[in-house]
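In: here's a sequence, model it:
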Amino acid sequence: MPVDIIQYLLLIIQQQHQMLCWLILFLCRYIPLKQWAFDESHSPEYQKLTVDKLPIVKKFHKQDWQFLLAYYQWLDDKPLKPVQRRNGKTIPEDTKCPVCDAPHHYLYDNNGGNGQYQCKVCGKTFITGERVTALHRLACPYCGHLLVAKKERKVFDIHKCVNMKCSFYLKNLKKVKKEDLKEKYKYKLHYIYREFQVEFFPMEPDSLPTNASSLDFAKFNPHIMGLCLTYHVNLQLSLRKTAQALYDIHSIKISHQQVANYARTAAIVIKPFVDHFEYELSDTLIADETYIKIKGIKGYVWFVMDAVSRSVIGYLASDNRGVGSCVQVIQKAFRGFEKLPLNFRFIADGFTAYPLAALHFAEKLGIDFTFDITQVIGLTNEDAVSKEFRPYKQIIERLNRTYKSTYRVNCGYGNFDGANYNVSLWVAYYNFLRTHQSKGNKVLNPVDSLENAENMPGKWQLLIFLGQETIKNLEKRKAFS
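Out: Residues are numbered from 1 along each chain as shown. I've put the predicted structure just below:
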């Protein structure tokens, strides 16, 4: 009897397998693959939701009209004559070419007196009052044509590739159905790039350390600063490798000292936003310290993180492992608490500085900040407490390893100020820009303005802008207090 049931089930399985084969043959024969190209993921209607690649950055070269005139005379053996005006129209004498500074004698009226001119010397077409101040130009990564600035928004400019033979445009145009070609303007077909140009308020030189940037850009611009921070912090490149990457990839010649100046200034500006952000705090905090090298001498970095949100809410680089440094980092972590939760738990290792710091808070701040230290001792679970809370200790140990991976490229720090600047930037990246697998490949603390940025240089610019807004708000509070 059981043998008959097994044979019967095997027969059913064979019949189902044969039916599946018939269905696959039917789909392949009568449903063309071209139809699959118009599902939701490939439809031109959803093209507006996609993010395009970064553009090519081309360095702008200022030209000299007198040198060009001498070159033309040497090339053609005759001078380049000024524009002969036969229509009686004149051009204002103060009008010059923004590229080569050619005077009005060499400028054409290019659109019948409506403010557009063309330079006879360099061929540049420009409008009245236009000035070329940017040291770089953006080009389409698909066809190489220069992007055209189309719209200006509050914190970014929209650039568009208008080349009708661009491979990106032709590829998207093929996705549009023939009956919809009359209304193709409804779809995003051309390459579009948003260049974030956040207006920073200049920092006072007296309030900045040595070699810091005042955010009053004379040679570069905020976009270049965002690129420096992206390569240096996100991609863990050293200062010299960051400068080399900017030159090799974007043809931007910048010194490693300028990269260090940008990083130092960004750390100063972003730090108030990171420290005063309203984190979602739980009733469990984890603390640990790890060593670093500063001029070949051992130093320490302290971290305090929330066990649930995984956000770093306290951090400090110090030259000692004493109680004073421990108190400072815990005090930063307690900034978001009016008083400690009822079932508050502070988890740390067996270092004696943590119980002494807890005693200090109990004496200075009273019962609202009185807490005990749950100590996870050693590397093995030799007691019940270590066995229960070992997973929490492993969380912050992974944090230390993640930080150490970025620290190694620096081969140590030159001073403690540089160490604190580096730690501040890394914590800002870890809390607001880095995606975490434990959070479903999302950031730990989403911010609406940062979510709207399409690329990392833009996010760094917005983070600096938020830091400056925090500085303004803190100064207003001091003024009214």
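
In: pLDDT weak spots in this protein?
Out: 1-3, 30-52, 59-61, 88, 128-136, 154-156, 196-218, 408-412, 480-481 (pLDDT under 70).

In: next, count neighbours for R401.
Out: 10 (other C-beta atoms under 10 Å). All C-beta spots, glycine's among them, are computed from the backbone N, C-alpha and C.

In: and the gap between N441 and R434?
Out: The span separating N441 from R434 equals 10 Å under the rule C-beta to C-beta, to the nearest Å.

In: more neighbours: which of these two?
Out: Counting neighbours by other C-beta under 10 Å for N441 and for R434 shows that R434 has the greater number, 14 against 8.

In: for that one, which non-adjacent residue is spatially closest?
Out: The spatial neighbour of R434 that comes closest, neighbours along the chain excluded (C-beta to C-beta, 6 or more residues apart in numbering), is V443 at 6.7 Å.

In: in the sheet, who's paired with the one you found?
Out: Beta-bridge pairing of V443, defined through DSSP bridges, involves T435.

In: list the helices and strands the strand or helix carrying P355 packs on?
Out: Taking DSSP states H and E as the criterion, P355 maps to helix 353-365. Packed against helix 353-365, as judged by 3 or more C-beta pairs under 8 Å, 6 or more residues apart in numbering; DSSP states H and E, are the following elements: helix 323-333, strand 345-348, strand 373-375.

In: can you list the strands that the last one pairs with?
Out: Meaning strand 373-375. Applying DSSP bridges, you get strand 345-348 (parallel) as the partners of strand 373-375.

In: name the residues that touch the strand it pairs with?
Out: Contacts made with strand 345-348 from outside it, assessed by C-beta atoms under 8 Å, 6 or more residues apart in numbering, are listed as 283-288, 307, 354, 358, 371-376, 389, 392-393.

In: same check, this time on stretch 319-335
Out: Outside stretch 319-335, the residues within contact range by C-beta under 8 Å, 6+ apart are 275-276, 285, 287, 289, 294, 297, 299-300, 302-304, 313-316, 318, 340, 351, 353-354, 356-357, 360-361, 369, 416.

In: just the ones of these in helices?
Out: Within the contacts of stretch 319-335, membership in helices is found for 275-276, 353-354, 356-357, 360-361, 416, as judged by DSSP state H.

In: which of those residues count as buried?
Out: Among the ones in helices among the contacts of stretch 319-335, those scoring as buried are 275, 353-354, 357, 360-361 (criterion: 16 or more other C-beta atoms under 10 Å).

In: and of these, the nearest to Y8?
Out: Sorting these by how near they are to Y8, with C-beta to C-beta, puts Y354 at the top with 69.4 Å.

In: and the closest one, what does it touch?
Out: Y354 makes contact with 287, 326, 346, 348, 373, 375, according to C-beta under 8 Å, 6+ apart.

In: residue contacts, the first one?
Out: Contacts were defined as C-beta under 8 Å, 6+ apart; by that measure A287 touches 302-305, 314, 329-330, 333, 346-348, 354, 396.

In: now do the nearest residue to Y413 once chain neighbours are set aside: how many residues are near it, please.
Out: In this structure, Y413 finds its nearest non-sequential neighbour in A419, 4.2 Å apart by C-beta to C-beta, 6+ apart. By other C-beta under 10 Å, 24 other residues sit near A419.

In: helix or strand: which one has A419?
Out: helix 416-428.

In: try R390
Out: For R390, the element it lies in under DSSP H and E is helix 384-407.

In: which other helices and strands contact that helix?
Out: Contact here means 3+ C-beta pairs under 8 Å, 6+ apart; on that basis helix 384-407 packs against strand 284-294, strand 297-306, strand 345-348, strand 373-375, helix 416-428.

In: all helices for the chain, in order.
Out: Residue ranges of the helices in the chain, as given by DSSP H, are 2-30, 65-76, 167-175, 222-229, 239-250, 256-276, 323-333, 353-365, 384-407, 416-428, 448-451, 456-480.

In: so for the last one, what gets flagged as buried?
Out: Residues of helix 456-480 classed as buried under the neighbour-count rule (16+ other C-beta under 10 Å) are 456-468, 470-471.

In: what's stretch 66-81 in contact with?
Out: Around stretch 66-81, the neighbours that count as contacts under C-beta under 8 Å, 6+ apart are 100, 106, 120-122.

In: go through these and name the one nearest I5.
Out: Nearest to I5 among the contacts of stretch 66-81 is C122, at 89.6 Å by C-beta to C-beta.

In: thinking that closest one is in contact with A102, fair?
Out: Yes. The pair C122 and A102 passes the contact test of C-beta atoms under 8 Å, sitting 7.0 Å apart.

In: which one of the two has more residues nearby?
Out: When neighbours are counted by other C-beta under 10 Å, A102 comes out ahead of the other of C122 and A102, with 24 against 17.

In: so what does the more buried one look like in phi/psi?
Out: Here the main-chain torsion angles of A102 (degrees, to the nearest 10) amount to phi -70, psi 140.

In: so what's it closest to, chain neighbours aside?
Out: In this structure, A102 finds its nearest non-sequential neighbour in W65, 3.9 Å apart by C-beta to C-beta, 6+ apart.

In: measure the closest residue to Y430 other than its chain neighbours to K332 for me?
Out: Excluding its sequence neighbours, the residue lying closest to Y430 (C-beta to C-beta, 6+ apart) is V312, at 6.0 Å. Here the criterion is C-beta to C-beta. By it, V312 lies 10 Å from K332.

In: now do P82
Out: Taking C-beta to C-beta as the measure, P82 falls 68 Å from K332.

In: and what of L281?
Out: Using C-beta to C-beta, L281 is found at 13 Å from K332.

In: pull up the overlap in contacts between these two.
Out: With contacts defined as C-beta under 8 Å, 6+ apart, the residues shared by L281 and K332 are I313.

In: ok so, going back, quick one: which of V312 and K332 has more around it?
Out: In terms of neighbours (other C-beta under 10 Å), V312 is the more surrounded of V312 and K332; the figures are 23 against 16.

In: my read: that one touches Y429, true?
Out: No. In this structure, V312 is not within contact of Y429 by C-beta under 8 Å, at 10.4 Å.

In: quick one: the strands in the stretch 51-200 of the chain?
Out: Listed in chain order, the strands of the stretch 51-200 of the chain (DSSP state E, counting those that start in this stretch) span residues 56-59, 107-109, 116-119, 125-127, 136-139, 148-152, 156-160, 192-196.

In: which two among the contacts of Y354 are spaced furthest apart?
Out: The span of the contacts of Y354, defined through C-beta to C-beta, is set by C326 and Q375 at 13.4 Å.

In: between these two, which has more neighbouring residues?
Out: For C326 versus Q375, neighbours defined as other C-beta under 10 Å are more numerous around C326 (28 against 20).

In: could you chop the protein up by domain?
Out: 59-127, 140-196, 202-277+452-481, 278-413 (automatic domain parsing).

In: so which of those domains is the most surrounded?
Out: domain 202-277+452-481 (a mean of 18; mean count of other C-beta atoms under 10 Å).

In: and it, how far out from the chain's middle?
Out: In terms of C-alpha atoms, centre = their mean, to the nearest Å, the gap separating the centre of domain 202-277+452-481 from the centre of its chain is 11 Å.
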